[in-house]
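> what shape does this take:
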Amino acid sequence: MAMGPPRIFSTEISLPNMRGVIGAFPTLGVSIGISIQAFLGQYFKWKTLCYCCCAFTLINFLLNNFLPETPYYVLKTKTPEEARKCLQKYRAKDYDIDKEMAQLIDFKEDNDIRK
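As a prediction, this is how the structure comes out:
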């Protein structure tokens with residue numbers, strides 16, 4: 001359950017042309033993680049393996065609380081100017097964010113998203 005927020009966060013802050021790839025990689029990571037756990041299950045006791053996985057999930061959960069807000073969330077809850085500033089944090093200095101901001105605003109309006 002702790003992997004949901006980082007997946008959504010990384011997809012929302014990524015460039016539009018990379019969102020599909022970034023959205024697909026976590027599924028691959030989960031599959032590899034299950035395979036690693038099955039492999040490690042041969043060498044460790046079940047209880048030890050559960051503690052290792054629990055520690056990873058707990059650390060991930062705690063670190064998720066320090067993630068900054070995404071531009072889309074800021075656009076939903078605050079003003080477009082604040083969303084523009086937030087988007088500028090995630091893009092290169094020479095990146096033209098006007099087109100992406102227009103897409104975010106259009107998506108918000110098309111889906112009737114309110115505060």
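> can we go C-alpha only for contacts and neighbour counts from here?
Noted.
> which residue ranges form the helices in this structure?
Using DSSP state H, the helices of the chain run over 4-13, 19-40, 46-64, 71-77, 80-90, 98-110.
> tabulate these (CSV), appending mean neighbour count and mean pLDDT.
Putting the helices of the chain into CSV (neighbours: other CA atoms under 10 Å; pLDDT from 0 to 100) gives the following:
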stretch, mean neighbour count, mean pLDDT
helix 4-13, 16, 78
helix 19-40, 12, 86
helix 46-64, 13, 88
helix 71-77, 19, 88
helix 80-90, 16, 90
helix 98-110, 13, 88
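> now do the same end-to-end measure for stretch 90-99.
15 Å (CA to CA, to the nearest Å).
> list the buried residues for it?
residue 97 (16 or more other CA atoms under 10 Å).
> give me the contact list for it.
Applying CA atoms under 8 Å, 6 or more residues apart in numbering, the contact partners of stretch 90-99 are 13-14, 84, 87-88.
> which two in these are spaced the farthest apart?
Within the contacts of stretch 90-99, two members stand farthest from each other by CA to CA: 14 and 84, at 14.5 Å.
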